[in-house]
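Asker: Sequence first, predicted model second:
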Amino acid sequence: MSETNSIYRYGKMSQMIHITKKEYEEMKATIETLQDQEVLEQIARSEKEILEGKTHKWKDVRDKL
């Protein structure tokens, strides 16, 4: 049995792509994550903190563990 899924698009230009089952599952998980408003808000907060320099060096964090 093949590990590849097919996705078909019909319209002016019919197209077909093949992706592995793993790639399909990863894509599905990404879409589900991007539909979660709480996750999107956390990403926005994190990006803002990065731009504001509110970060820590990995070495410093690791040493505290």
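Answerer: Thanks, I have the structure now.
Asker: and residue 45, what are its phi and psi?
Answerer: phi -60, psi -40 (degrees, to the nearest 10).
Asker: element containing residue 19?
Answerer: Per DSSP states H and E: residue 19 is located in strand 15-20.
Asker: Could you pull up the mean pLDDT of that strand?
Answerer: The pLDDT scores in strand 15-20 average 79.
Asker: Give the other helices and strands that it contacts.
Answerer: When contacts are defined as 3 or more C-beta pairs under 8 Å, 6 or more residues apart in numbering; DSSP states H and E, strand 15-20 sits against strand 4-9. Using the backbone N, CA and C atoms, a C-beta is placed for each residue, glycine as well.
Asker: just the helices in the protein please.
Answerer: With DSSP state H as the criterion, the chain has helices at 21-34, 37-51, 58-64.
Asker: hang on, the earlier thing: pairing partners for the strand holding residue 19, with directions?
Answerer: Strand 15-20 has its sheet partners listed here by DSSP bridges as strand 4-9 (antiparallel).
Asker: so how far is residue 59 from residue 65?
Answerer: Applying C-beta to C-beta, to the nearest Å, the value for residue 65 to residue 59 is 11 Å.
Asker: Let's test this: name the helix or strand in the protein with the lowest mean pLDDT.
Answerer: strand 4-9 (a mean of 62; mean pLDDT, DSSP states H and E).
Asker: pLDDT value on the most centrally placed residue in the chain, please?
Answerer: When C-alpha atoms, centre = their mean is applied to the chain, the residue found nearest the centroid is residue 30 (4.2 Å). Looking at residue 30, its pLDDT is 95.
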